[in-house]
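Asker: Sequence first, then the predicted structure, then my questions.
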Amino acid sequence: MAFPGTWMTESESLAYRVVPKCACSTIGQIMFHSDHGRYFDGDIHDSTSGMHKWNQDESQAAIERAVKARKPVSFTCVRNPYARILSSFFDKIAGIQRNGKRYRGNMIPQIAQRYGVEVGSPENNFDFDQITSFRRFLLFARDTIRWRRPMEPDIHWSAMSGHIATFIVNGGRYDQIFFTEKFDEGMQKVLDAADTPVKVDLKSVPRFNESEGHGPKRLHKVSEYFDDLSRHLVWEIYKKDFQLFRYDFHNPDNKMPKGEVDLDEVHAKLGR
């Protein structure tokens with residue numbers, strides 16, 4: 001049994017399957033605070049102690065035992081696929097990472113050469129055609145996901161259903177799946193269901209958006225980035241995400257889900 005991308009509090013009160021670009025920094029910090037009464041000093045993705053993570057060898061036995069015994073409240077969080085892929089583009093492709101460098105080093109020059117993606121730079125105030133470049137990036141993202149060329153798909157634009165499925169296939173079961181767009185409501189239900197050592201007041205939790213301020217601001221409303229071809233590509237990549245998590249494919253500007261997640265349906269369809 002393996003639970004990649006799973007974080008668990010040391011108290012084993014909460015287990016979370018990380019889905020990139022879906023408030024994972026904030027969720028991780030809330031989990032850390034619910035055990036220790038303080039936030040991790042830095043990006044929670046960089047922590048190596050104070051919380052179990054599957055990529056830390058010494059955490060794997062504890063996560064596997066607790067998750068299979070259904071001890072922690074197990075949950076994840078999802079986001080509108082249109083907004084998520086746009087966020088991935090502005091953060092990971094057009095933005096500068098917190099280390100001051102481009103994401104994945106040589107990837108940006110490669111997709112600039114192969115797909116004609118332009119991203120500007122801090123020196124020219126990120127002056128580039130956002131809509132044209134995003135649509136070209138979307139073609140690249142589709143190629144990585146469908147054909148694994150010119151590289152393996154990146155976790156930040158792989159489908160949410162793919163991340164979420166690994167937890168189910170390997171023997172876990174989600175107690176709750178909530179929406180980034182209704183974050184406080186969903187996170188509160190998770191905390192209410194768990195017996196955490198420290199109570200968390202969600203209204204006092206600061207924002208932990210590690211990518212904000214390191215790249216260009218989005219200049220247009222969501223629908224302007226998605227022409228007919230782009231929407232076809234989005235459906236090809238994220239069809240399951242729209243269907244399982246009840247998002248509105250037909251109106252990119254409607255970021256809100258159209259209904260609640262049916263956990264039984266998610267487990268049935270992703271557990272095969």
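Answerer: Arrived safely, thanks for sending. Model, not experiment: these values are computed from the prediction.

Asker: for this structure, what's the longest strand?
Answerer: With residue count as the measure and DSSP state E as the assignment, the chain has strand 73-78 as its longest strand.

Asker: and the angle from the helix or strand that comes right after that one to strand 73-78?
Answerer: Of the helices and strands lying after strand 73-78 in sequence (DSSP states H and E), the nearest is helix 81-88. If you take axes from the mean of the first three to the mean of the last three CA atoms, to 10 degrees, helix 81-88 sits at 80 degrees to strand 73-78.

Asker: close enough to count as contact, Arg98 and His214?
Answerer: Yes - counting by CB atoms under 8 Å, Arg98 does reach His214; the two are 6.6 Å apart. All C-beta atoms are positioned from the backbone trio N, CA, C, and that covers glycine.

Asker: higher neighbour count, these two?
Answerer: A side-by-side neighbour count of Arg98 and His214, using other CB atoms under 10 Å, places His214 first with 16 against 13.

Asker: Work out for me the element that one sits within.
Answerer: Secondary-structure element containing His214, defined by DSSP H and E: none, the residue being outside all helices and strands.

Asker: what sits against it?
Answerer: With CB atoms under 8 Å, 6 or more residues apart in numbering as the criterion, the residues that contact His214 are Asp91, Gly95, Ile96, Gln97, Arg98.

Asker: how near is it to Gly42?
Answerer: In this structure, His214 and Gly42 are 15 Å apart, going by CB to CB, to the nearest Å.

Asker: So among the contacts of His214, which ones count as buried?
Answerer: The neighbour-count test (16 or more other CB atoms under 10 Å) applied to these identifies Asp91, Gly95, Ile96 as buried.

Asker: Just confirm the last one is within a strand.
Answerer: No - if the criterion is DSSP: H, G, I helix; E, B strand; the rest coil, then Ile96 is coil and not within a strand.

Asker: Tell me the pLDDT of it.
Answerer: pLDDT, the model's per-residue confidence, is 91 for Ile96.

Asker: in its sheet, what does the longest strand of the chain sit against?
Answerer: Using DSSP bridges, strand 73-78 pairs in its sheet with strand 14-17 (parallel), strand 176-179 (parallel).

Asker: Measure how buried the nearest residue to Val198 once chain neighbours are set aside is and give me the count.
Answerer: For Val198, the nearest residue in space outside its immediate sequence neighbours is Gly37; the separation is 4.5 Å by CB to CB, 6 or more residues apart in numbering. Under the neighbour criterion other CB under 10 Å, Gly37 is assigned a count of 11.

Asker: before we move on, what about Phe249?
Answerer: As a measure of burial, Phe249 has 18 neighbours, counting by other CB under 10 Å.

Asker: tell me the SS of it?
Answerer: Going by three-state DSSP, the state assigned to Phe249 is coil.
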